[in-house]
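**Student:** sequence? don't have it. structure:
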């Protein structure tokens, strides 16, 4: 189960550490400029401090770039050089003319090629196709990891659907089919994991009763804080 540590400060950078069963260390910056560092359970304070110090300039740069922006869709121009979120980090779009459309997420850059690179609507449509492709690749693994982590509960969803949802991050049908919004691929994996666990709990309690929240608290003790942080994002 994820474990959250009190906030720490290094080089005037305040950040929150979340320990989990992940294998690698990851740094995420939320739209309100707060910083989250996710690490494996065995990671020492010395290692965490060293990584944050090494990434200090990157954190400061990206935090400043997100200040006041709050990921507002109304400000998006889908133009070359504009930043877009992907798995909790800002990626700059590199758009070029290409007879064969493509989208590649590569080293903090989203490489996009299409026949009409100056058409914002076309760029957006292709970008979201790329998001959905990545979501279809990433989400099943995160859901399966959650099922394995909580194997004693014997969760058996009837299936997983990935699609864009305007008002919800996820859902669970009466038939046990879990749906996750493509929009989650923009966010840190912590939020994808939370929504996946949230919907798995609905396999036991298809409501938001006290029993439901008791189960969610057992599986994801930090759900209240994570839900609060998730609400800072605008889909």
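**Tutor:** That came in fine, so what should we check first? The shown structure was predicted, so the numbers you read here are calculated from the model rather than taken from an experiment.
**Student:** OK, contacts around residue 92?
**Tutor:** Residue 92 makes contacts with 81-83, 108-110, as judged by CB atoms under 8 Å, 6 or more residues apart in numbering. Where C-beta positions appear, they are placed from N, C-alpha and C, glycine not excepted.
**Student:** Pick out the residue closest to the middle of the protein.
**Tutor:** residue 187 (2.3 Å; CA atoms, centre = their mean).
**Student:** I figured that one hits residue 86, correct?
**Tutor:** No: between residue 187 and residue 86 there is no contact under CB atoms under 8 Å: 9.2 Å.
**Student:** picking up where we left off before, identify the residues contacting the residue nearest to the centre of the chain.
**Tutor:** By CB under 8 Å, 6+ apart, the contact list for residue 187 reads 85, 87-88, 230, 233.
**Student:** what are the ranges of the strands in this structure?
**Tutor:** 3-4, 8-10, 13-20, 26-29, 35-40, 83-86, 89-97, 102-106, 109-114, 159-163, 170-172, 177-181 (DSSP state E).
**Student:** rank those strands by pLDDT, which is bottom?
**Tutor:** Sorting those by mean pLDDT places strand 3-4 lowest, at a mean of 54.
**Student:** any idea of the angle the longest helix anywhere in the chain forms with strand 109-114?
**Tutor:** Ranked by residue count, the top helix of the chain under DSSP state H comes out as helix 120-149. Counting by axes from the mean of the first three to the mean of the last three CA atoms, to 10 degrees, helix 120-149 lies at 130 degrees to strand 109-114.
**Student:** And helix 120-149, what does it pack against?
**Tutor:** Applying 3 or more CB pairs under 8 Å, 6 or more residues apart in numbering; DSSP states H and E, we find helix 120-149 packed against strand 83-86, strand 89-97, strand 102-106, strand 109-114, strand 159-163, strand 177-181, helix 189-201.
**Student:** Tell me the strands beside the second one, with direction?
**Tutor:** Each strand that pairs with strand 89-97, with its direction, by DSSP bridges: strand 83-86 (antiparallel), strand 109-114 (parallel).
**Student:** residues of stretch 18-28 that come out buried?
**Tutor:** Buried positions in stretch 18-28, judged by neighbour count with 16 or more other CB atoms under 10 Å: 18-20, 22, 25-28.
**Student:** Give me the residues contacting it.
**Tutor:** With CB under 8 Å, 6+ apart, stretch 18-28 has contacts from 1-5, 15, 35-41, 43, 47-48, 51-52, 55, 58-59, 88-89, 145, 149, 188-190, 222.
**Student:** Now, of the residues you listed, which are buried?
**Tutor:** Counted by 16+ other CB under 10 Å, the contacts of stretch 18-28 give 2, 15, 35-39, 43, 48, 51-52, 55, 59, 88-89, 188-190, 222 as buried.
**Student:** Quick check: most distant residue from the centroid of this structure.
**Tutor:** Largest centre distance within the chain, by CA atoms, centre = their mean: residue 99, 31.4 Å.
**Student:** Report the contact partners of that one.
**Tutor:** Applying CB under 8 Å, 6+ apart, the residues near residue 99 are residue 115.
**Student:** repeat for residue 108
**Tutor:** Shown in contact with residue 108 (CB under 8 Å, 6+ apart): 89-92.
**Student:** from those, which single one is nearest residue 141?
**Tutor:** Lowest distance from residue 141 to the contacts of residue 108 (CB to CB) belongs to residue 89, with 18.6 Å.
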